[in-house]
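Enquirer: Here's a sequence, model it:
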Amino acid sequence: MSGNPAVVMRLMASAYAVAEKAGAITRRVLQSGDLGIVEKTGANDLQTLADRLVQQSICASLSKHFPQITIIGEEDLPEEEVKEDLIESGQFEEILQKACPVEFNTLKEEELVVWVDPLDGTKEYTEAARCLYLPDQAEVSHTRLDASELRRTALRLLDHVTVLIGIAHGGKAIAGVINQPFYNYELGAGAQMGRTLWGVLGLGAFGFQLQEVPDGKRIVTTTRSHSNKLVTDCVEAMEPDEVIKVGGAGNKIIQLLEGEASAYVFASLGCKKWDTCAPEAILHAVGGKLTDMHGNAYRYDANVKHMNSTGVLATLRNHQYYASRVPQSVLQALKTD
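Expert: Numbers count the residues shown, from 1 in each chain. This is a model prediction of the structure:
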């Protein structure tokens with residue numbers, strides 16, 4: 001460990017460690033077969049025991065060691081004592097060994113805002129659980145899939161699930177962690193399960209192999225379960241060679257980072273600041289870009305509204321091309337404040 005790591009690097013080292021713990025909690029809840037599902041605003045807005053436990057773990061762990069940071073989590077949870085076994089006190093040594101970018105060296109705890117999505121892709125998480133444990137209730141059960149096919153479906157859905165911890169300063173996403181709890185899940189018992197990606201502006205991003213879609217090919221990733229005419233019109237206007245519909249904002253950004261897609265297009269309400277802060281920071285750390293559909297940057301100050309009300313457009317390269325293809329009808333419908 002370097003002599004006195006900057007607050008940002010220490011916070012990132014702690015965020016990485018607690019994200020790993022969050023991944024383990026998420027797997028444990030799934031494997032129990034009892035997800036403790038409640039509906040927040042309807043059948044398409046669910047909360048599980050994993051959402052609750054992970055948010056408690058992240059918020060309590062980071063607050064314990066960084067009491068002056070502001071933490072904003074997705075779930076509206078009652079004030080209660082967090083069990084000790086949910087607290088993570090460790091730090092990821094590799095992050096502490098890296099030099100902090102000069103512009104963040106002197107930042108103070110009270111200047112930082114942490115945005116937390118404890119379980120991005122909750123819908124896919126619950127669908128996967130039904131495939132694995134309640135096949136008669138699985139949304140794909142009408143196709144009469146056998147047990148092995150249901151398991152493969154569940155594994156594909158679990159790929160969509162991520163834990164997101166983003167750090168912002170001055171309204172800008174500057175660092176982030178994405179944990180993918182079920183990475184390598186298909187390899188079964190004994191495999192190293194889960195992975196954590198992280199990045200800091202001015203330092204780079206780590207935990208994955210950066211790749212790009214081949215030149216001249218346009219692959220658009222978009223929502224799997226929250227589509228509407230605005231979304232489909234906007235996707236079609238990009239003239240894609242292929243469209244990939246998946247769950248989770250974190251998962252879609254991973255697709256950009258690993259060359260599975262060239263643009264993430266979501267021309268609608270629904271996405272929140274906790275969905276985009278960590279992914280944006282990691283994407284920007286490797287030269288990518290995330291904006292609204294007008295090409296404007298989102299802000300992550302503590303007092304901003306949580307909804308990304310003017311949509312999300314993210315790319316690793318050629319952002320201007322995709323921004324130029326957004327239809328006027330979409331821009332009119334998603335007016336800026």
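
Enquirer: low pLDDT regions in the protein?
Expert: Along the chain, segments meeting pLDDT under 70 span 1-3, 41-44, 134-146, 186-191, 337.

Enquirer: State the three-state secondary structure for residue 119.
Expert: Assigned by DSSP: H, G, I helix; E, B strand; the rest coil, the conformation of residue 119 is strand.

Enquirer: quick one: it from residue 158, how far?
Expert: 12 Å (CB to CB, to the nearest Å). Any C-beta I mention is one placed from the backbone N, CA and C, and that applies to glycine too.

Enquirer: so is the spatially most central residue of the chain in a helix, a strand, or just coil?
Expert: Central residue of the chain (CA atoms, centre = their mean): residue 250, 2.9 Å from the mean position. What three-state DSSP gives for residue 250 is helix.

Enquirer: doesn't residue 121 make contact with it?
Expert: Yes: at 7.4 Å, residue 250 counts as touching residue 121 under the criterion of CB atoms under 8 Å.

Enquirer: Now for those two: what residues contact both?
Expert: Here residue 250 and residue 121 share the contacting residues residue 162, scored by CB atoms under 8 Å, 6 or more residues apart in numbering.

Enquirer: and stretch 192-204, which residues are buried?
Expert: 193-201, 203 (16 or more other CB atoms under 10 Å).

Enquirer: how long is that stretch end to end?
Expert: Stretch 192-204 has an end-to-end distance of 24 Å (CA to CA, to the nearest Å).

Enquirer: Distance from the chain centre to it, please.
Expert: 12 Å (CA atoms, centre = their mean, to the nearest Å).

Enquirer: what helices or strands is the helix or strand harbouring residue 330 leaning on?
Expert: Assigned by DSSP states H and E, residue 330 falls within helix 328-333. Packing partners of helix 328-333 (3 or more CB pairs under 8 Å, 6 or more residues apart in numbering; DSSP states H and E): helix 229-237.

Enquirer: Which residues belonging to the helix it packs on are considered buried?
Expert: Counting neighbours by 16+ other CB under 10 Å, one finds that the buried residues in helix 229-237 are 230-231, 234-235, 237.

Enquirer: List the contacts of it.
Expert: Outside helix 229-237, the residues that touch it by CB under 8 Å, 6+ apart are 220, 222-223, 243, 265-268, 293, 311, 325-327, 329-330, 333-334.

Enquirer: Listing partners with orientation, what would you give for the helix or strand following it?
Expert: With elements assigned by DSSP H and E, the helix or strand that comes after helix 229-237 is strand 242-246. Strand 242-246 pairs in its sheet with strand 219-223 (parallel), by DSSP bridges.

Enquirer: what sits in contact with each of residue 119 and residue 158?
Expert: residue 125.

Enquirer: quick one: which of the two has more around it?
Expert: When neighbours are counted by other CB atoms under 10 Å, residue 119 and residue 158 differ, and residue 119 comes out ahead with 30 against 25.

Enquirer: okay but that one is in contact with residue 161, surely?
Expert: Yes: judged on CB under 8 Å, residue 119 makes contact with residue 161 at a distance of 6.7 Å.

Enquirer: any common contacting residues for those two?
Expert: Shared contacts of residue 119 and residue 161, defined by CB under 8 Å, 6+ apart, comprise 26, 125.

Enquirer: Which strand or helix spans residue 4?
Expert: Going by DSSP H and E, residue 4 is not in any helix or strand.
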